[in-house]
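Asks: mind folding the following:
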Amino acid sequence: MMFSQLIRKKVFYWLLVISYMSLIFYLSSIPSIDIVTKIPINDKILHAAEFFILAALLHMCFNIADNKMINKNRYFLAITITTIYAISDEFHQSFVPGRVADIFDLTADSIGASIILIFKFVNKKYFNISR
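Replies: Numbering: from 1, shown residues only. Predicted coordinates:
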């Protein structure tokens, strides 16, 4: 891949991460989300999916990192940063009228972030992909 294409790819991936984090922050700032009560899915599943997506986006960024240590630890970094962001999200919600910080939401967020590990093991076992 040409150098400029790689740079554009990195910038694009990081813009996706920042945009998605901004979306999470925006949604957490809404005093009450009535639409969530109308969706026939447990809200913990939505939390897990929301933070799985963030972890996957971060993983994509770390997967193309030039720094070998970052690249080698990309799963750990993606899960850790996502979990820290989930903690900050719950803290932020504690200041929003009609919202609360919930340890069960945080647990669902962390589980969602950790789901990317399944992809690591599936890739290794079935596709023999070490990256």
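Asks: Val17: how many residues sit nearby?
Replies: Other residues near Val17 number 17, with proximity taken as other C-beta atoms under 10 Å. Every C-beta, even on glycine, is put in place using the N, C-alpha and C of the backbone.
Asks: what strand or helix carries it?
Replies: For Val17, the element it lies in under DSSP states H and E is helix 3-29.
Asks: now do the helices in this protein.
Replies: Taking DSSP state H as the criterion, the chain carries its helices at 3-29, 34-38, 43-63, 68-72, 74-93, 103-114, 116-127.
Asks: mean pLDDT for those - can I get that in a markdown table?
Replies: Converted to a markdown table, the helices of the chain look like this (pLDDT from 0 to 100):
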| stretch | mean pLDDT |
| --- | --- |
| helix 3-29 | 95 |
| helix 34-38 | 61 |
| helix 43-63 | 95 |
| helix 68-72 | 94 |
| helix 74-93 | 97 |
| helix 103-114 | 97 |
| helix 116-127 | 79 |
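Asks: circling back: the helix holding Val17: which residues count as buried?
Replies: Of the residues in helix 3-29, those with enough neighbours to count as buried (16 or more other C-beta atoms under 10 Å) are Tyr13, Leu16, Val17, Tyr20, Met21, Ile24, Ser28.
Asks: which neighbouring elements make contact with that helix?
Replies: Of the remaining helices and strands, those touching helix 3-29 by 3 or more C-beta pairs under 8 Å, 6 or more residues apart in numbering; DSSP states H and E are helix 43-63, helix 74-93.
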